[in-house]
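Visitor: Predicted model and sequence follow; I will ask about them next.
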Amino acid sequence: MDKQKLIKGAIWISVSALTIMIDAGLFYIGFNNVERGSYTIITIAFLLFPFIFLFAFKGIKNILGAIFY
C-alpha cells in the first residue's frame, strides 16, 4: 500500500467535504437572496457545485489506486 497516495486521497476527500459545507451555506444564502432579486450568490453556488464531484472523484481514485496498486 502506498501511504503517500492514501494521504493524498484523504486530503482530496476532506477538500470535497469542505466544499460541500461551503456550497450548502452559499445555497442557503443564495436562495434567501433570490427572494430579494439578487442572483449573485446562487450563481456562485451553482458554479462551485461540479467541483464537489471532481474533488471526491480524485480522492476516491487516489485511495483505490493506493489499495489496489
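Guide: Nice, thanks for sending it over.

Visitor: Could you pick out the longest helix of this protein?
Guide: Longest helix in the chain by number of residues (criterion: DSSP state H): helix 3-34.

Visitor: Pull up the distance across stretch 30-42, start to finish.
Guide: Using C-alpha to C-alpha, to the nearest Å, the end-to-end distance of stretch 30-42 comes to 4 Å.

Visitor: neighbouring contacts of it?
Guide: Residues outside stretch 30-42 that contact it (C-beta atoms under 8 Å, 6 or more residues apart in numbering): 26-27, 29, 43-45. Just so you know, the C-beta spots here come from the backbone N, C-alpha and C atoms, and that holds for glycine as well.

Visitor: Can you add neighbour count and give these back as CSV?
Guide: CSV is the format used below for the contacts of stretch 30-42 (neighbours: other C-beta atoms under 10 Å):
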residue, neighbour count
26, 19
27, 17
29, 15
43, 12
44, 16
45, 19
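
Visitor: from the middle of its chain, how far away would whichever helix or strand comes after the longest helix of the chain be?
Guide: Sequence-wise, the next helix or strand beyond helix 3-34 is helix 40-67, with elements assigned using DSSP states H and E. Computed by C-alpha atoms, centre = their mean, to the nearest Å, the chain-centroid distance of helix 40-67 equals 4 Å.
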